[in-house]
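S.K.: Quick check, what structure comes out for this input:
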Amino acid sequence: MVQDSMSERKRNKQKNPSEAPPKTAVNEQRNANGLSITRQILLTILDATDDALYMMTRGYGSTRYSLSVGDLREQDAMQEMWDRIGEERELKKQLKRLQKQKLVKIHQKGEQIMTALTQKGAIVGLRAKIKTTQNKLPEGEVCLVVFDVPEDIRHVRLAIRRLLKKIGFIMEQKSVWRGELEIIQDLQDLVRLLHAEEYVHVYRALDARYT
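M.R.: Modelled structure (predicted):
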């Protein structure tokens, strides 16, 4: 009888969708650019702490270039997300999620809670930035990505190839890709963070169609 009652409750729950939990959790909601809240947080920290990225791509730590939770909340890029998050404790909850994923570091500075990107977090943030960039290079210029990645870091080649394909770059040759987006610096930073600058080169070039 107990087993029958449990089965009946399970069937009733499946029939009544109003009792089911919401399908979209807070961290899965997306903004106009298609970014989740956690990705937007990473991108906001990345944009607000340029010096951290500069130091990180040159092999130095980035914790000293951190952003308080209060300052993060006030960033323009967070305003749309803030309407969805609602309360500061929810923002802190998302930061804890990112910390657990080793994408950010959180530390106390006086009475403030400070956040800083890890190298892994900077890579994820840069990918999000590149994927949502809509700015194009001046007419007659292109971004060329040329790579010859050894087999022992094949995952880097696959990751870069997937990213370039995702943002609409065209493969000119087997290891030469061309695009019109203004992402040269961001790609160069990403390549440095992946420790692949010896094998992957990003150039600003003249489009042969305009010469």
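S.K.: can you give me the strands in this protein?
M.R.: 67-68, 104-109, 112-117, 141-147, 170-173, 176-179, 200-206 (DSSP state E).
S.K.: for these, which one ends up most surrounded?
M.R.: strand 112-117 (a mean of 21; mean count of other CB atoms under 10 Å). To be clear about C-beta, it is placed using only N, CA and C from the backbone, and glycine gets the same treatment.
S.K.: who touches it?
M.R.: 42, 45-46, 49, 52-53, 56, 62-63, 65-70, 72, 92, 95, 103-108, 125 (CB atoms under 8 Å, 6 or more residues apart in numbering).
S.K.: Relative to that strand, what are the paired strands and their orientations?
M.R.: strand 67-68 (antiparallel), strand 104-109 (antiparallel) (DSSP bridges).
S.K.: worst average pLDDT in the ones you listed?
M.R.: Lowest mean pLDDT within the strands paired with strand 112-117: strand 67-68, at a mean of 76.
S.K.: Apart from its chain neighbours, what residue comes closest to Leu35?
M.R.: Ala128 (5.9 Å; CB to CB, 6 or more residues apart in numbering).
S.K.: dump the residue contacts of that neighbour.
M.R.: 35, 39-40, 42-43.
S.K.: Same check on Leu137?
M.R.: Per CB under 8 Å, 6+ apart, neighbours of Leu137: 143, 180-182, 204.
S.K.: I'd like the distance between Gln134 and Leu190.
M.R.: 18 Å (CB to CB, to the nearest Å).
S.K.: For the residue nearest to Arg161 when sequence neighbours are not counted, give the beta-bridge partners.
M.R.: Nearest residue to Arg161, sequence neighbours excluded (CB to CB, 6+ apart): Trp177, at 7.9 Å. Listed beta-bridge partners, Trp177: Val145, Met171 (assigned using DSSP bridges).
S.K.: Wait, Trp177 touches Ile170, no?
M.R.: Yes. Trp177 lies in contact with Ile170 (CB atoms under 8 Å); the separation is 6.8 Å.
S.K.: which residues does Lys109 bridge with?
M.R.: Gln112.
S.K.: hmm, back to that, output the strands paired with strand 112-117 in TSV, with distance to Arg157 appended to each entry.
M.R.: Formatted as TSV, the strands paired with strand 112-117 follow (distance: least, CB to CB, whole Å):
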stretch	distance to Arg157
strand 67-68	33
strand 104-109	27
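S.K.: Out of the ones you listed, which is closest to Phe147?
M.R.: Closest approach to Phe147 among these (CB to CB): strand 104-109, 29.0 Å.
S.K.: Only C-alpha atoms, please: export that closest one in PDB.
M.R.: Taking C-alpha atoms only, strand 104-109 is exported to PDB below (Å, rounded to 0.1, in the frame of the first residue of the first chain):
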ATOM      1  CA  VAL A 104      37.200  33.600  -9.100                       C
ATOM      2  CA  LYS A 105      39.000  34.200  -5.800                       C
ATOM      3  CA  ILE A 106      37.100  35.800  -3.000                       C
ATOM      4  CA  HIS A 107      38.900  37.500  -0.100                       C
ATOM      5  CA  GLN A 108      38.100  39.900   2.700                       C
ATOM      6  CA  LYS A 109      39.700  43.400   2.700                       C
END
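S.K.: what distance separates it from the middle of the whole chain?
M.R.: 19 Å (CA atoms, centre = their mean, to the nearest Å).
S.K.: Since that was my last question, I'll sign off now.
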